[in-house]
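# sequence first, predicted coordinates after that:
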Amino acid sequence: MFMDEARFGQQGTLTAVWAPRGSRPTAVKQTRYEWVYLYAAVEPSTGFSSALLAPHVNTATMGTFLEVLSREVEPGDFVVLLMDQAGWHKARALRVPDNMVVLFLPPYSPELNPVENLWQYTRSHFLSNRAYQNYDHLLQAGCDAYRALTPEVIRSVCRCDYIERGS
């Protein structure tokens with residue numbers, strides 16, 4: 001499985017939109033500073049995923065996410081979790097559950113993590129060009145966006161030739 005976190009919030013993402021030729025469509029751009037962090041792990045070949053929305057990105061929240069993931073995999077399964085080398089991923093205080101092992105991707109190589117594609121897809125399809133009233137509104141938008149991701153979408157968006165199983 002691959003794992004990563006994404007931040008989204010009131011200073012959202014602007015994306016391109018279709019509009020009649022010669023027109024100038026407007027888009028909302030907020031200047032408030034509330035954020036939600038979405039932790040997710042995906043298995044690209046099956047589309048299985050596990051996620052956690054949180055107000056912070058730190059070692060304690062990462063530990064909580066690992067516990068959630070540990071409980072959501074099938075009993076008896078062992079998870080090899082690939083992720084970047086963020087400080088909270090490598091912290092000594094981080095406790096990795098017994099049914100998983102963590103492997104780190106090379107530094108500065110987001111192109112090797114298919115979850116990065118999922119963040120781009122989620123922002124462009126569900127979270128961009130919107131205004132959020134407050135933290136609770138952000139949290140609900142994150143929940144709705146992640147729940148809209150079917151296993152088929154995850155398999156398609158996170159597909160990478162270098163992780164396909166041999167036939």
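Cool, the structure landed.
# from residue 86, how far off is the residue sitting furthest away from the middle of the chain?
Distance from the C-alpha centroid of the chain, by C-alpha atoms, centre = their mean, peaks at residue 22 (36.1 Å). Per C-beta to C-beta, to the nearest Å, residue 22 is found 45 Å from residue 86. (Glycine included, C-beta is placed from N, CA and C.)
# got it, and residue 40?
Per C-beta to C-beta, residue 40 is found 14 Å from residue 86.
# more neighbours, those two?
Neighbour comparison, residue 40 and residue 86: the larger count goes to residue 40, with 24 against 14 (by other C-beta atoms under 10 Å).
# in the sheet, who's paired with the more buried one?
Counting by DSSP bridges, residue 40 is bridged to residue 4, residue 51.
# which residues touch it?
The contact partners of residue 40, by C-beta atoms under 8 Å, 6 or more residues apart in numbering, come to 3-6, 49-52, 115, 118, 146.
# ok, which stretches of the chain are strands?
2-9, 35-43, 48-54, 79-83, 100-104 (DSSP state E).
# what does the model give the nearest residue to residue 122 once chain neighbours are set aside for pLDDT?
Once flanking residues are discounted, residue 122 sits nearest to residue 145: 5.3 Å by C-beta to C-beta, 6 or more residues apart in numbering. For residue 145, the pLDDT comes out at 95.
# again with the one 10 residues further on
The predicted local distance difference test score for residue 155 is 95.
# residue 73 and residue 106: what is the separation?
Note on residue 73: its distance to residue 106, by C-beta to C-beta, is 26 Å.
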